[in-house]
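A.B. asks: Coordinates for the following, if possible.
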Amino acid sequence: MDQPSESLISAAAGGDRAALDELLQRHLPGVRAYLRLRMGPMIRANEDSADLVQSVCREILGRADSFAHGGEQGFRRWLFRTAQRKIADRADYYRAEKRAGGRAHLDIDDEAVAACYQTVCTPSRDAGAREHLLRVEAAFDKLSEEQREVILAVRMLGSSHAELAERLGKNEGAVRAMLFRAMARLTELLGDDDG
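C.D. replies: Purely as a prediction, here's the structure:
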């Protein structure tokens with residue numbers, strides 16, 4: 001299906017399940033990348049991000065009737081908010097159960113996730129996709145919550161500086177500066193791994 005996103009969104013808002021499925025497929029790599037970056041080491045050690053992606057998709061499909069047409073950005077917000085809730089639920093679970101990590105594995109579709117990570121930073125030429133994923137995730141985990149939030153909001157979710165400024169109660173200049181500092185810190189952390 002090579003249908004434009006806006007017509008898919010209109011169809012999905014009208015209850016067309018196939019259109020919703022197609023939208024989910026188009027956004028799957030971004031959701032997978034977002035989840036992996038937001039999981040943090042505790043959840044990443046215990047959960048397979050593919051399982052979380054599947055859970056997000058099931059929830060979206062199960063709540064299809066609650067989707068209101070908000071354009072591409074509205075759909076992305078709905079999708080990524082659902083993903084964020086899944087992560088928060090899993091974090092609460094592991095904190096409450098005080099479970100220790102176990103699984104250290106990577107998803108089957110690491111190349112698609114790595115392509116999404118390129119919106120956050122450029123991969124080094126010599127690093128393979130799997131090694132790059134681990135490096136980006138480890139560096140991302142070292143950022144402050146504010147730095148992670150601004151990078152994800154602007155670079156992965158596609159929020160404008162104005163939207164993020166309004167949400168954070170800051171002006172656009174402050175958001176641009178926050179993003180610049182966050183990206184510089186991430187670059188620094190990734191550079192530290194090379195030396």
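A.B. asks: so what are the domain limits for this structure?
C.D. replies: Following the assignment in automatic domain parsing, the chain carries domains at 1-105, 122-195.
A.B. asks: For G70, the count of nearby residues, please.
C.D. replies: Per other C-beta atoms under 10 Å, the neighbour tally for G70 reads 13. No exception for glycine: its C-beta is placed from N, CA and C like everyone else's.
A.B. asks: correction: L37
C.D. replies: When neighbours are defined as other C-beta under 10 Å, L37 has 25 of them.
A.B. asks: Which helix or strand contains it?
C.D. replies: Using DSSP states H and E, L37 falls within helix 17-46.
A.B. asks: Quick one: find the helix or strand in the chain with the lowest mean pLDDT.
C.D. replies: Within the chain, no helix or strand scores below helix 110-117, which has a mean of 61 by mean pLDDT, DSSP states H and E.
A.B. asks: Quick check: next helix or strand after that one?
C.D. replies: Going down the chain from helix 110-117, the next helix or strand is helix 129-142, by DSSP H and E.
A.B. asks: and the helix holding L37, average pLDDT?
C.D. replies: Taken as a whole, helix 17-46 carries a mean pLDDT of 87.
A.B. asks: in this protein, which ranges drop under the pLDDT threshold?
C.D. replies: Within the chain, the stretches with pLDDT under 70 are 1-4, 68-69, 98-129, 193-195.
A.B. asks: Against S55, how distant is the residue positioned nearest the centre of the chain?
C.D. replies: The residue lying closest to the centre of the chain (C-alpha atoms, centre = their mean) is Y34, at 1.4 Å. Taking C-beta to C-beta, to the nearest Å as the measure, Y34 falls 14 Å from S55.
A.B. asks: Now do L186: how many residues are near it, please.
C.D. replies: Count around L186 with other C-beta under 10 Å applied: 20.
A.B. asks: dump the residue contacts of A83.
C.D. replies: Contacts for A83 (C-beta atoms under 8 Å, 6 or more residues apart in numbering) come out as V31, Y34, L35, R38, L52, V53, V56.
A.B. asks: wait, L20
C.D. replies: A12, I60, L61, A64, F67.
A.B. asks: Which of those residues are buried, as a ChimeraX select command?
C.D. replies: Selection of the buried residues among those in ChimeraX, burial being defined by 16 or more other C-beta atoms under 10 Å:
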select :12,60,67
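A.B. asks: From the contacts of L20, pick the one nearest E145.
C.D. replies: I60 (25.4 Å; C-beta to C-beta).
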